[in-house]
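J.: The amino acid sequence is not available; the structure is as follows:
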């Protein structure tokens, strides 16, 4: 939970009675983030970890990373001791990238929300769940699949706000394709600010849009607060294999320069953007992410950053990307160990799947991604809700189904209670052999909080289930998100702040012609 | 894999050319069992494990286990040092049960199949997957839900035989309710022997039926082979809390006396047959299973046995049992550690769910059971395929969907390869930054075995999926099991052996009046 003494953004200091009352009404029922009380899974021993680190070092030194068209980034690397070859190929001496990261990157940082009770800790034993990111399409079982719009975008921000088990509002929860490409980022960031009070992400499509996203934060939180605290994340994909184009490197540097956190994410479909064998893809992924996190530290030592990865496998039958397969699961577990050794927060996993519908395939693939990422100790888990169709579609039903699953991981994270009440010796003495515990005093005292109860699970009898229409989880999920949206009420936002945000956006948008490509 | 020098049952010694040819044709494509090359997950430290052991000891000593109506079992315990109270309450001195188990129970044993290549190792770093057990109903999406019949039973034996990722034929894969209750066990054991060549389980409903099951094995394998080797398992539920009725204890002793393996399974729905808090239910479960495994060793030191558990949670809304919740997951992880310390094979987990249909609920609940049980190091996993509706129904579709998932755990079990080929340094040198790996020599050499490819996953584009009828996984699974059954061919069985089995069964059945309750 947030420390009550921790610094708060401007709005939290506005001490009107109404503001305080509104804040109380917004207190989350669930913790603002997970603190894991169970140990991460240790897949590899020291020798294996050293081998991956050594191969990552070798890739950075011998093959090198290309930075295409960002002279500043090249010069930062050169001054740090790297040698620059043709076409901006940066050869990093063995161990230098890790040394740069270890020297100044925070092991853990707070991303502040406008509601201080929603601020999240990223790193260490903490896990933060965020919605899926980037789908051009949205889908629900009533209206079917179609391009996302700003209305859909706002719906998903609202659903994430209402979801007790999502800690973060995410970023591009779907592409609002009805808004010009060059103006979308204003509407997206505004939607996160207006319709939620959870932390969020900004634009990464160009450095200018990244700067705009941060500028909007200055309007909301105050420039001084933003200079001193992380209030926004930017999720930047590496142009794998081993390339960082100038736009991506400038976006990384833009976030870092503003003391905001870049999430550095190699995007590797094995056999396409990297080798088809997992250890190679993993070493590459670690090398690329390390290179980018090191760049944040070259830009501004001490800036928060997240070591990311997105690793997928492919179908032998079609070459299509596949999800929920065991190879990425093993990679997650290994990279969790590597991130802990390095001492930076890790992004990995998500409720990922290739299915076109929120069926059993979607659910098992998602669980097969969520379990290893969670046990790997993922600190920031993007794509934790809504992801369908290899990330091409955001599903309303899958969103609420995923959230229900995330709830269970909160209980799992608490580990096994081994106190006197948990061992229930008194109950054994009361009941003894051969009798049931339903009416035991201990049962009455504990049953309300004894078990996580999936909201979207049907545990009734076959007869009752049939009488109620034999609905599968997909149908129940549809009813659930519709009723949630119908009951949505926005968190309070100071009218003056809202006006300032709208004014800023109107002014900036007015100065640009619409672009749709 | 089976040791080629390991002892083989009678049939394997019949060296006709035809028999050898038939055996070659039956060679499995997948290993006969899993050997885990990745470490189990260590949830608790020494202190936590000691606390659970101490509470289990205290339950056995202070509360005691009741054995109802089995004077032999009571006398075995008395001679071992337990004190017997009223109503057959056995008070076991602290530490005695564990000492009895440690002294003589095998840490690992081979269950022999009639096809030696299908024999399985139970214990240690091995995992054996078996189908669901006990459902009175069967269901498929074409015919719907109905009572199981012998024809259904045989179908599931055939499907398990055909499933590369199931190592075991299981036991009561569904209740064949069209066969008299007192004669079913003959038909069930015969079906496993005739329609599969994988290892299987026998009856546990009465000690006499357990003895019949073992006698059938003597007909198939030869009496001498059965006396010296484990060829059948009996899965015995404890009458939790803390009761072993005389029939159950005699069944356990019947298997042990014949040097066959009893699977000792406390069956605890938290809040009903045990306390509602996990640590208490876990201590009880460990105590009960320990007590039963110790009984096998009192009956016959050195007899193989399996420490089982079946722990479930309940819905706060209805009191119904729930599955895939985090509390049993934590219990699995802890009991895995306890079983390893004790040094006996562990049964836990399964693809468990409460859903009435093989939908997303079924899939996520199942994955939430499978993952922790696998990481707990489960050695024998019953209910790994087909389980639906809290175990009331065996689903044809869920069966093949579960099998597909089990395949992925074979890959996971192999851990992360970190050899020179896996690190793919040559590929990085060949491709360098910014180019794709599709045509790389390393990709061509490795892609065929690079990734597990879920047979029932659809990874095609939305457009292609729509053109093909927008089928969800449930529909694809239906087509899959039907085509599998249509292509089924039985493994060879020596005609004389088959006749001997049939003769024995006909004679025994003829001597009993039909009983239907």
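T.: Looks like it came in fine. What you are looking at is a predicted structure, and each value in this text was computed from that prediction instead of being measured.

J.: Check the offset of stretch A:226-233 from the chain's centre.
T.: Centroid separation for stretch A:226-233 versus its chain: 17 Å, with CA atoms, centre = their mean, to the nearest Å.

J.: how about that stretch: buried residues?
T.: Of all the residues in stretch A:226-233, those buried under the rule 16 or more other CB atoms under 10 Å in any protein chain shown are A:226, A:229, A:230, A:231, A:232, A:233. C-beta coordinates here come from the backbone N, C-alpha and C atoms, glycine included.

J.: Can you lay out those residues as a markdown table showing distance to chain B?
T.: Shown next, in a markdown table, are the buried residues of stretch A:226-233 (distance: CB to the nearest CB, whole Å):
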| residue | distance to chain B |
| --- | --- |
| A:226 | 35 |
| A:229 | 33 |
| A:230 | 30 |
| A:231 | 32 |
| A:232 | 30 |
| A:233 | 26 |
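
J.: For residue B:457, state which of these is nearest.
T.: residue A:233 (31.4 Å; CB to CB).

J.: and that closest one, how far is that from residue A:311?
T.: 20 Å (CB to CB, to the nearest Å).

J.: Equivalent analysis for residue A:237, please.
T.: 13 Å.

J.: just residue A:263 next, same as before
T.: Taking CB to CB as the measure, residue A:263 and residue A:311 are separated by 15 Å.

J.: so of the buried residues of stretch A:226-233, which ones are in helices?
T.: residue A:226 (DSSP state H).

J.: residues contacting residue A:62?
T.: Contacts for residue A:62 (CB atoms under 8 Å, 6 or more residues apart in numbering or on different chains) come out as A:91, B:429.

J.: Am I right that it falls within a helix?
T.: Yes - counting by DSSP: H, G, I helix; E, B strand; the rest coil, residue A:62 is found in a helix.

J.: circling back to that earlier point, got any residues that touch both of residue A:237 and residue A:311?
T.: Common neighbours of residue A:237 and residue A:311 (CB under 8 Å, 6+ apart) are residue A:266.

J.: out of those two, which sits in the busier spot?
T.: Higher neighbour count among residue A:237 and residue A:311: residue A:311, with 26 against 20, using other CB atoms under 10 Å in any protein chain shown.

J.: If you count contacts, what does the helix or strand that one falls within end up packed against?
T.: Secondary-structure assignment from DSSP states H and E places residue A:311 in strand A:310-314. Strand A:310-314 is packed against strand A:261-269, helix A:278-299, strand A:321-322, helix A:326-342, with contacts defined by 3 or more CB pairs under 8 Å, 6 or more residues apart in numbering or on different chains; DSSP states H and E.

J.: Is any residue of stretch A:340-353 near chain B?
T.: No - Stretch A:340-353 lies out of reach of chain B by CB under 8 Å from any CB of the partner chain, never closer than 8.7 Å.

J.: For the closest residue to chain B within the stretch 51-200 of chain A, name its beta-bridge partners.
T.: As assessed by CB to the nearest CB, chain B sits closest to residue A:66 within the stretch 51-200 of chain A, at 4.4 Å. Beta-bridge pairing of residue A:66 under DSSP bridges involves residue A:89, residue A:243.
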